[in-house]
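Visitor: give the three-dimensional model of this entry:
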Amino acid sequence: MTEKERATDDEKAKLLDGMKDVEAAKHQQETTKQLYFGGLGLTTLVIIYYAACSSTMLVINKVAIHHFPCPISLLCLQLFFSAIAVSIGHYGGVVSAEAIDFDKLKKFVWVVVGFLGTIFANIKVLQHANVETFITFRSTTPLILSLCDYLFLGRAFPTMRSWLSLLVLVAGSIGYVLTDSGFKIDAYYWLLLWFVFFTFDTVYVKHMCETVKMSNWSRVYYTNAIALGPLLLALPLVGEQDRLGTVTWTPTMTIPVLLSCLMGICMSHSAYLLRDTVSATLFTIVGILCKIITVVINVLIWDKHATPAGIGFLLVCVFAGTFYEQAPKRPS
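Guide: Predicted structure coming up:
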């Protein structure tokens, strides 16, 4: 056998070995995925995790605020608890969080601006409009965020199926308001401000997840620790110090407050996981569906005056949201 033939045989052998390695890696990856995820995709599991946290957090917060009527103080406790828990977990080796980096800290200031601005505008909108009207306006945000995904985050336009899903989602929300609760809003400028903050927060946080490389627990720590400062400064302005002076920490009040702090950690963690996994538009749709499902449950259990038509429109919203397809990334 000549040297040339031997070299050719060696190349063939290497190629076959490489193909075997690739096939073995694929088989191992598929086996691991089936064993770990039980046949469910990662995105589906993250959505379930976020939906469970979101719905549970809403119920626990309602109970906590009923016994502890200081919402800003409760939010401060949740932020403080989350930041401290991540810090202790990191030093105990339970979670992985990076040390404070000044460059990343400067970028996360804008995350906190969007977060606090959205919360403040949300409260003001609910002062001037009923909850159902707010849900209706919130259901229109995926239409705007689909354009933002295309303009700023490098995604393609949604498919025709997805556009139809979004339109049916909006139509279902409007139908619910018109048939069940009526439309009420007195100050459109607060709604406009909420739109601006909410859109900025959703798009910028997604941009941060894609461009600033850090662990998910680090994002939780940065956001909660930075947001705590401005809220503590705002406490004297909202006038809750008088109510705090009259609070008696009984087990009936302490347990819901502690549960809300624990759920606050899970909520922050699941929200960042979902933001990192899906597009800004799909993240918003999941949030809308969580709130609509909560409304459906409340209507079915507590509100005996809800019309069958209103419940039907809400179920249409849920059905429409399940047909949305996440737009893929555009080729670079």
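
Visitor: which strand or helix spans the residue nearest the centre of the chain?
Guide: Centroid-nearest residue in the chain: residue 271, 3.6 Å away (criterion: Cα atoms, centre = their mean). Here residue 271 sits within helix 251-277, counting by DSSP states H and E.

Visitor: swap in residue 88?
Guide: Assessed by DSSP H and E, residue 88 sits inside helix 71-91.

Visitor: between that helix and helix 251-277, how big is the angle?
Guide: Helix 71-91 runs at 70 degrees relative to helix 251-277, counting by axes from the mean of the first three to the mean of the last three Cα atoms, to 10 degrees.

Visitor: thinking again about what came up before, residues touching the residue nearest to the centre of the chain, list them.
Guide: 50, 53 (Cβ atoms under 8 Å, 6 or more residues apart in numbering). For the C-beta atoms, the positions are set from N, CA and C on the backbone; glycine is no exception.

Visitor: residue 109 versus that one, what's the distance?
Guide: 18 Å (Cβ to Cβ, to the nearest Å).

Visitor: that older thread, in the helix holding residue 88, which residues are buried?
Guide: By neighbour count on 16 or more other Cβ atoms under 10 Å, the buried set for helix 71-91 is 72-83, 85-86, 89-90.

Visitor: which strands or helices does it pack on?
Guide: Counting contacts by 3 or more Cβ pairs under 8 Å, 6 or more residues apart in numbering; DSSP states H and E, helix 71-91 is packed against helix 42-67, helix 216-238, helix 251-277.

Visitor: so which of those gets nearest residue 104?
Guide: Nearest to residue 104, of all these, is helix 216-238, at 7.0 Å by Cβ to Cβ.

Visitor: got the angle between the closest one and helix 251-277?
Guide: Using the same axes, to 10 degrees: helix 216-238 against helix 251-277 is 130 degrees.

Visitor: mind listing what residue 144 touches?
Guide: 195, 199.

Visitor: what about it, which helix or strand?
Guide: helix 141-152.

Visitor: may I have that helix as CSV, with CA atoms only?
Guide: The C-alpha coordinates for helix 141-152 follow below in CSV (Å, rounded to 0.1, in the frame of the first residue of the first chain):
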residue,chain,number,x,y,z
THR,A,141,-49.1,45.5,24.3
PRO,A,142,-48.0,42.4,22.4
LEU,A,143,-48.9,44.2,19.1
ILE,A,144,-46.4,47.0,20.0
LEU,A,145,-43.8,44.5,21.4
SER,A,146,-43.9,42.5,18.2
LEU,A,147,-42.7,45.6,16.4
CYS,A,148,-40.1,46.2,19.1
ASP,A,149,-38.8,42.7,18.8
TYR,A,150,-38.3,43.3,15.1
LEU,A,151,-36.8,46.8,15.4
PHE,A,152,-34.5,46.4,18.5
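
Visitor: thank you, goodbye.
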